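Novice: Could you look at this predicted model? Sequence included:
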Amino acid sequence: MSGKPLAIVVDDSKPFLMYLSILLNRMNLEVLPVNSATEALEVARVTKPHLMTMDMRMPEMDGLEALRTIRKDQELADLPVIMISSYLEKNCQWEALSLGCIDVLDKPIDLRRLHKAIQRCNLYPAGPRRYLRAAFDAEIVLHHDGRLHNAKSVSLSERGIFVYLRQPLPKDAIVDVDIPLPSGEVLRVGGSVIYIKAQSGYNKALVPGMAIKFNRLAQKDITVLTQLVSDLLTKDLPKEQAEPDLLSN
């Protein structure tokens, strides 16, 4: 495994299983996609995941039955579970919440609500991540003390960016960051260096870099950054498809 938090994604709809698996992977989770609750329980007992997402309605064992089984299983009882369904009958939703699931999300998935649910699973030692973030492979320009620095971006959030730079700027340095947008325009935002990853004498292959926190943002810039991060997370994903209503057959 990669060292990322491990999530098991359970859904009998192959298009949606692919959609959510790719999305969670882009949200920095290691993902094991499974198309049945029975198999998911077996896999969970072996892999000890940090999180499971479970479709509410599936053939054979449905999500609620699986959640009841999880809560009764000594090995899995504390596993954070996010229930997901196209069918939000109140009694099913209330039962899922009474069984301690993190949240019940509807299809199509709301990206921000999914992010908030994941943060409630306590997956990261440093605490919840308030803002969405995504991998961002782009050439950017930093402005500092009248000089320009070309850098390679690694990841982007709604309030900051991590970049590779051979000679990182000093901590607390005030910078302006030019971020290329898909439209061809450039968004310039102000910020400060809050973390430096220097090259170690023991690991010459380590590329130096730094984290920059955006701290001088206009509302229009916040809107552009939020849309850019959302687009990075969802680009090229297969279209979400809800399974047919099993109750109507």
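Specialist: Arrived safely. Residues are numbered from 1 along each chain as shown.

Novice: Per-residue pLDDT of G100, please?
Specialist: We have a pLDDT of 95 for G100.

Novice: Could I get the CA-only coordinates of the helix or strand where N215 lies as PDB?
Specialist: Following DSSP states H and E, the helix or strand that holds N215 is strand 209-216. The C-alpha coordinates for strand 209-216 follow below in PDB (Å, rounded to 0.1, in the frame of the first residue of the first chain):
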ATOM      1  CA  GLY A 209       9.900  22.400  -2.200                       C
ATOM      2  CA  MET A 210       7.600  24.600  -0.100                       C
ATOM      3  CA  ALA A 211       4.000  25.200   0.900                       C
ATOM      4  CA  ILE A 212       2.500  28.600   0.300                       C
ATOM      5  CA  LYS A 213      -0.600  29.700   2.100                       C
ATOM      6  CA  PHE A 214      -2.800  32.200   0.200                       C
ATOM      7  CA  ASN A 215      -3.700  35.000   2.500                       C
ATOM      8  CA  ARG A 216      -4.600  37.900   0.300                       C
END
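
Novice: Report the distance from that strand to the chain centre.
Specialist: Put simply, strand 209-216 sits 20 Å off its chain's centre (Cα atoms, centre = their mean, to the nearest Å).

Novice: what does stretch 70-79 give?
Specialist: Remark: stretch 70-79 is offset 24 Å from the chain centroid, using Cα atoms, centre = their mean.

Novice: That stretch: which residues count as buried?
Specialist: Using 16 or more other Cβ atoms under 10 Å as the burial criterion, the residues of stretch 70-79 that qualify are 70, 76, 79. C-beta: built from backbone N, CA, C; applies to glycine.

Novice: All set, thanks.
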